[in-house]
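K.L.:
Predicted structure and sequence below. I'll ask about it afterward.
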Amino acid sequence: MYLHIGDNVSVRSDRIIGIFDMENTTVEEATRNFLKSAENKNEITYASPKMPKSFVLTEGAGRIDVYVSSVSVQTIRERISGENLQKI
């Protein structure tokens, strides 16, 4: 199943490691360093050009990817609850 996280971006729900609030987590230097490192390695996909509210970590094929989304953590959690998961 796939989870829609913004604009035309969906991720496989079985590959999600975590969903994080951008505002609350980026106050920590470790998180900022992680995101900067991921960007330098081209591991970040921006799901929307709008102001980021969350980021989603996925793992698959031996790599971790970061998806930055304008969708809030709360909305993503609601989508994960099952009613908006899509079979593709």
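P.N.:
Cool, the structure landed. Numbering: from 1, shown residues only.
K.L.:
Tell me which other helices or strands the helix or strand encompassing Lys36 touches.
P.N.:
Counting by DSSP states H and E, the element that carries Lys36 is helix 29-40. With contacts defined as 3 or more C-beta pairs under 8 Å, 6 or more residues apart in numbering; DSSP states H and E, helix 29-40 has these neighbours: strand 63-69. In short, each C-beta sits where N, CA and C put it, glycine included.
K.L.:
now the helix holding Lys36: mean pLDDT?
P.N.:
Averaged over helix 29-40, pLDDT sits at 96.
K.L.:
Leaving out chain neighbours, which residue sits closest to the residue positioned nearest the centre of the chain?
P.N.:
Centroid check for the chain by C-alpha atoms, centre = their mean gives Val56 as the closest residue, at 1.9 Å. Sequence neighbours aside, Tyr67 is the residue nearest to Val56 in space, at 4.4 Å (criterion: C-beta to C-beta, 6 or more residues apart in numbering).
K.L.:
re earlier: name the residues of the helix or strand hosting the residue nearest to the centre of the chain that are buried.
P.N.:
Using DSSP H and E, Val56 maps to strand 54-60. Neighbour counts over strand 54-60 (16 or more other C-beta atoms under 10 Å) mark Ser54, Phe55, Val56, Leu57, Thr58 as buried.
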